[in-house]
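1. A predicted structure for the sequence below; I have some questions about it.
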Amino acid sequence: MALAPAITDLEQLKEHPAVARLVEWNRMAVEGAKFDRDEMSIWLERSVLREACVLLRDDSGCPFNFLSDVTCVDWYPNEPRFEVVYHLLSILKKERVRLKVRLSADSPVIDSVTSVWPAANYFEREVYDLFGVRFTGHPYLRRLLMPEDWEGHPLRKDYPVEGYR
Amino acid sequence: MSHMTPMPVMEATQDRTMILNMGPQHPSTHGVLRVILEIDGENVVRIMPDIGYLHTGIEKTCEAKFYQQVVPLTDRIDYLCPMTNNLCYVLAVEKLLGLEIPPKAQWLRVLMNELTRINSHLVWLGTHAMDIGALTVFLYCFREREDILRLFEAISGQRMMTSYFRIGGVALEPPLGFFDRVREFANRFPSKVDEYENLLTGNPIWVMRTKGVARITAEDAIALGASGPTLRGSGVDIDLRRDMPYSGYENFKFKVPVAQEGDVFARYMCRVRELRESIAIVQQALDGMPQGPSKADAPKVVLPDREKMKTQMEALIYHFKIITEGFAVPAGEVYQAVESPRGEMGYYVVSDGTAKPYRVHMRSACLANMQTLPQMCEGRLIADVVAAIGSIDIVLGEIDR
């Protein structure tokens, strides 16, 4: 089974409910989209993330009401360094979509989506703990897995796998 | 939704309340969960789970290993359902590679996956009942669990950390007589579920301790990211095996148990019924087990048979290359979710085109399920906290990773 090439043309991807909704709402907010290996990824402008999430959650046709996961990828030393990744699921339509927001190394700050899905609470704390990405508007942004007095963020690529502090 | 993002519990906020620390070494917290409670007499005013005591940095370790070396790490995340984690990871990598898996391997995976689900639910049922005070059930459950662990040992050589699923198929052909042993177990098991139900379902003490306790509505459960029996116990009918099938689950017929009440008893009933459905899937897998190879035809990815490796030059070369250099995976990213015994287990694997994963992230069902604890427990008694923790079936290895 050979891999089908990824589709990145927005015009071709308009069939997908999430892409259609977001493009119709604000074309400028969508930085790009990719359909690869049967999965849809949408890159969003940082400032519109929370509004876009509310829009997708309350969509009448295909409500993405379930936040599966929030995580982050560190592309060090490339810029923009961080990519925060949101996986949404529509329980009604059994449809998934992945939202991505790129953040630069000097200001890894993004709006929290805890007001949209309370589920984001622990996920965002975990990302803050392990990557050092800050979420504005989070009710209690503290370390989740590492000890409170830990220095550094272990899942960053410039943090060593072995060794002592 | 502000009521669902509770404030941290640090000190008592009223004159009449006090702070009680529960765990991390408390036997009813199933590992090392620490719960901080603000209590007014016996009543819980606020509750905050505190986790991280079992954090081992598995996600970081994965980035330093070859793709095939990550499989044993996935066992250690959720030590009660190792094969579910194996499955989720190998499915993600196979999706990245675009690898097609032969039917026999898929059916073997389904068979072992359902046995794993039974194994996990048995531990849950035993410990959950023990927390609430029904000590006998624990012994009954572990009797059957031992049988399953023996089956695991027969097929993979390991009782708990099986690592049986590999990228491209399964590690070994099942030994002679294995399917007969599974069949014998599957025929016997439904009567054992009757035994557990005889002990609990109609038991007035059990019913009093569980019915109407730790309720959560469907809307709250969805908003807080709950999945699996925790969500189905609140009346949301979703099961990834049926709704977004993977690994050949579309070939199996089974019911998805759903209960409406959203209390501890509803979640208990969902899981007990799942035991019966799982054994039905095991029976179907045994009946329809296809013939053929149990590994994909991809010599650059799948290790050759031992015999071939010792007699054929090419096989030896491939074996050496896979072990020393790994295999390159085309750049891309995949989010693969499976229905683990606890809910939606997801693996997000990012490849940059090399032989080591750039990023492996596990979406833990327990982590999200645990966020429902404050909703369930606030305003109830301390004893109900124990019942609630048991009913969401947490495994701290998976939460902390």
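-> Perfect, thanks for sending it. As the structure is a prediction and not an experimental result, all values here were calculated from the model.
2. for residue B:34, give its distance to chain A.
-> For residue B:34, the distance to chain A equals 13 Å [CB to the nearest CB, to the nearest Å]. In short, each C-beta sits where N, CA and C put it, glycine included.
3. surely that residue meets residue B:49?
-> Yes - with contact defined as CB atoms under 8 Å, residue B:34 counts as touching residue B:49 (7.3 Å).
4. report the contact partners of the spatially most central residue of chain A.
-> By CA atoms, centre = their mean, chain A has its centre lying nearest to residue A:85, at 2.4 Å. For residue A:85, the contact set (CB atoms under 8 Å, 6 or more residues apart in numbering or on different chains) comprises A:69, A:70, A:71, A:72, A:73, A:98, A:99, A:100, B:348.
5. again, only this time at 6 Å
-> Applying CB atoms under 6 Å, 6 or more residues apart in numbering or on different chains to residue A:85 gives the contacts A:71, A:100.
6. doesn't it belong to a strand?
-> Yes - judged by DSSP: H, G, I helix; E, B strand; the rest coil, residue A:85 forms part of a strand.
7. the strands in the stretch 51-200 of chain B, which residues?
-> Using DSSP state E, counting those that start in this stretch, the strands found in the stretch 51-200 of chain B span residues B:165-166, B:169-170.
8. name the residue in residue B:34 and residue B:49 with the higher neighbour count.
-> Using other CB atoms under 10 Å in any protein chain shown as the criterion, residue B:34 and residue B:49 rank with residue B:49 on top: 21 against 17.
9. now do the contacts for residue B:105.
-> So residue B:105 contacts B:169, B:170, B:294 (CB under 6 Å, 6+ apart).
10. out of those, which comes closest to chain A?
-> Of all those, chain A sits closest to residue B:169, with 14.5 Å by CB to the nearest CB.
11. for residue B:240, find the nearest of the strands of the stretch 51-200 of chain B.
-> strand B:165-166 (17.2 Å; CB to CB).
12. what sits up against the strand or helix carrying residue B:308?
-> For residue B:308, the element it lies in under DSSP states H and E is helix B:306-311. Residues outside helix B:306-311 that contact it (CB under 6 Å, 6+ apart) are B:315, B:316, B:319.
13. helices of chain A, start to end?
-> Ranges of helices in chain A, per DSSP state H, are A:17-25, A:49-57, A:120-131.
14. around the residue in the stretch 101-250 of chain B that chain A sits nearest to, how many other residues sit close by?
-> In the stretch 101-250 of chain B, the residue that lies nearest chain A is residue B:225 (2.9 Å; CB to the nearest CB). Neighbourhood size, residue B:225 [other CB under 10 Å]: 31.
15. that one touches residue B:368, doesn't it?
-> Yes - look at residue B:225 against residue B:368 with CB atoms under 6 Å: they come within range, at 3.6 Å.
16. need the overlap of contacts for the two.
-> Common neighbours of residue B:225 and residue B:368 (CB under 6 Å, 6+ apart) are residue A:119.
17. in contact with whichever residue of chain A sits closest to chain B, which residues?
-> Closest contact between chain A and chain B, by CB to the nearest CB, is at residue A:119 (2.9 Å). Residue A:119 makes contact with A:67, B:224, B:225, B:368, according to CB under 6 Å, 6+ apart.
18. using the three-state scheme, assign the third one.
-> For residue B:225, the secondary-structure state derived from three-state DSSP is coil.
19. now do the contacts for it.
-> Counted by CB under 6 Å, 6+ apart, residue B:225 has contacts A:67, A:119, B:368.
20. 10 Å - rerun?
-> A:66-70, A:89, A:117-123, B:231, B:343-344, B:363, B:365, B:367-372 (CB atoms under 10 Å, 6 or more residues apart in numbering or on different chains).
21. ok now the least confident helix or strand in chain A by mean pLDDT, how far from the chain's centre?
-> Sorting the helices and strands of chain A by mean pLDDT, DSSP states H and E puts helix A:17-25 at the bottom, at a mean of 79. Relative to the centre of its chain, helix A:17-25 is centred 17 Å away, using CA atoms, centre = their mean, to the nearest Å.
22. which residues touch that helix?
-> Residues contacting helix A:17-25 (CB under 10 Å, 6+ apart): A:10-14, A:16, A:29-30, A:33, A:35, A:40, A:42, A:44, A:48, A:51-52, A:55-56, A:59-64, A:88, A:90, A:93, A:95-99.
23. got a ChimeraX select line for the buried ones in these?
-> Here is the ChimeraX command that selects only those of the contacts of helix A:17-25 that count as buried (16 or more other CB atoms under 10 Å in any protein chain shown):
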select /A:10,13,16,29,30,33,35,40,42,44,48,52,55,56,59,62,63,64,88,90,95,96,97,98,99
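24. from the contacts of helix A:17-25, which land in strands?
-> The members of the contacts of helix A:17-25 that map onto strands under DSSP state E are A:30, A:33, A:35, A:40, A:42, A:44, A:88, A:90, A:95-99.
25. reformat those as CSV; add pLDDT and distance to residue B:399.
-> Output for these, formatted as CSV (pLDDT from 0 to 100; distance: CB to CB, whole Å):
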residue, pLDDT, distance to residue B:399
A:30, 82, 34
A:33, 84, 33
A:35, 85, 33
A:40, 87, 29
A:42, 89, 29
A:44, 89, 29
A:88, 91, 22
A:90, 89, 26
A:95, 87, 28
A:96, 89, 23
A:97, 90, 26
A:98, 91, 23
A:99, 91, 24
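26. near chain B, list only the ones from those residues.
-> Of the residues in the ones in strands among the contacts of helix A:17-25, proximity to chain B by CB under 10 Å from any CB of the partner chain holds for A:95, A:96, A:98.
27. now do the same contact list for the closest residue to residue B:289 other than its chain neighbours.
-> Excluding the flanking residues, the one nearest residue B:289 by CB to CB, 6 or more residues apart in numbering or on different chains is residue B:107, at 5.4 Å. By CB under 10 Å, 6+ apart, the residues touching residue B:107 are B:247, B:248, B:251, B:252, B:284, B:285, B:286, B:288, B:289, B:290, B:294.
28. same question, residue A:132
-> Per CB under 10 Å, 6+ apart, neighbours of residue A:132: A:72, A:74, A:82, A:105, A:108, A:152, A:153, A:154, A:155, A:156, A:159.
29. identify the bridge partners of the second one.
-> What that stands for is residue A:74. residue A:82 (DSSP bridges).
30. that older thread, intersection of neighbour lists for residue B:34 and residue B:49?
-> Common neighbours of residue B:34 and residue B:49, using CB under 10 Å, 6+ apart, are B:22, B:23.
31. low-confidence ranges in the chain?
-> In the absence of a named chain, chain A is used. Within chain A, the segments meeting pLDDT under 70 span A:1-2, A:164-165.
32. please refer instead to chain B.
-> Residues of chain B that meet the criterion pLDDT under 70 lie in B:1-7.
33. can I see the domain layout of it?
-> B:2-50, B:58-400 (automatic domain parsing).
34. surely residue B:304 touches residue B:313?
-> No - look at residue B:304 against residue B:313 with CB atoms under 10 Å: they stay out of range, at 11.1 Å.
35. among the contacts of residue B:225, name the ones in strands.
-> Going by DSSP E, the strands hold A:66, A:67, A:68, A:69, A:70, A:89, B:343, B:344, B:363 from these.
36. nearest to residue B:396 among those?
-> Nearest to residue B:396 among the ones in strands among the contacts of residue B:225, counting by CB to CB, is residue B:343 at 15.3 Å.
37. and the closest one, how far from residue B:229?
-> 7 Å (CB to CB, to the nearest Å).
38. chain A contacts on the stretch 201-350 of chain B?
-> Neighbours of chain A within the stretch 201-350 of chain B, by CB under 10 Å from any CB: B:218-227, B:231, B:236-238, B:240, B:242-244, B:296, B:330-337, B:344, B:346, B:348, B:350.
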